[in-house]
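pasting the structure only:
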């Protein structure tokens, strides 16, 4: 109940600020270069992708709020320790699909450059369930992380790079090994 109330209040603030200050909507896509940390996984970064949309709500001359909704693919390879710890064979290439919701605060350093920072909530999507059912697990089977980076604005175009690090344990099997995500996002977007 608290989560629903918090999300409702956040959406109301974003909506009212958007109408008062000006609201821009856009689409974006790019590459994920990420990995899952834990002794069960190889210590190497792998490529994935992200695609989605964003809103930009101007708060002042220097500050804006940028909530996003992204589909994120995270790829990783298990190490030989995974088979020893969990007695599972034939699981080497792991592909995870997340519905990610970053909420970034942009600080305008120059007319074309903004620094970004904020939290990201990731919902692991189970393809056998509906979007609403998956969303109900956001704070149970989700990934909470923080992001930081920079964004270049060239007219309506956006070019961005950012780093995210997971704060929550995404291991839902047991507590033998802690798994945390981390990675880089590089991409482009366009405000509509």
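Structure received. Being a predicted model, the structure only gives us computed values, none of them experimental. Numbers count the residues shown, from 1 in each chain.

Output the longest strand belonging to the chain.
strand 93-110 (DSSP state E).

which helices and strands sit right next to it?
Packing partners of strand 93-110 (3 or more CB pairs under 8 Å, 6 or more residues apart in numbering; DSSP states H and E): strand 46-58, strand 63-77, strand 113-124, helix 131-135, strand 142-154. Placement of C-beta: from N, CA and C, glycine included.

Give the pairing partners of the last one; include direction for each.
Spelled out, that is strand 142-154. strand 113-124 (antiparallel), strand 157-166 (antiparallel) (DSSP bridges).

List the buried residues in that strand.
142-143, 145, 147, 149, 151, 153 (16 or more other CB atoms under 10 Å).

quick revisit: got the strands paired with strand 142-154 as JSON lines, with distance to residue 38, mean neighbour count and mean pLDDT columns?
Listed next are the strands paired with strand 142-154 as JSON lines, based on distance: least, CB to CB, whole Å; neighbours: other CB atoms under 10 Å; pLDDT from 0 to 100:
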{"stretch": "strand 113-124", "distance to residue 38": "16", "mean neighbour count": "19", "mean pLDDT": "93"}
{"stretch": "strand 157-166", "distance to residue 38": "11", "mean neighbour count": "18", "mean pLDDT": "94"}
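
In CSV: the ones you listed, plus distance to residue 58.
Shown next, in CSV, are the strands paired with strand 142-154 (distance: least, CB to CB, whole Å):
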stretch, distance to residue 58
strand 113-124, 12
strand 157-166, 15
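
between the ones you listed, which gets nearest to residue 66?
Closest of those to residue 66 is strand 113-124, at 7.0 Å (criterion: CB to CB).

what does the closest one contact?
The contact list for strand 113-124, computed with CB atoms under 8 Å, 6 or more residues apart in numbering, reads 64, 66, 72, 96-109, 134-135, 137-138, 141-153, 160, 162, 164, 170, 181.

Output the below-cut-off pLDDT ranges for this structure.
For the chain, the stretches flagged by pLDDT under 70 are 1-21, 39-41, 76-94, 126-141, 170-177.

Dump the helices and strands packed on strand 93-110 into CSV; add distance to residue 33 as well.
Formatted as CSV, the helices and strands packed on strand 93-110 follow (distance: least, CB to CB, whole Å):
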stretch, distance to residue 33
strand 46-58, 6
strand 63-77, 10
strand 113-124, 16
helix 131-135, 25
strand 142-154, 13
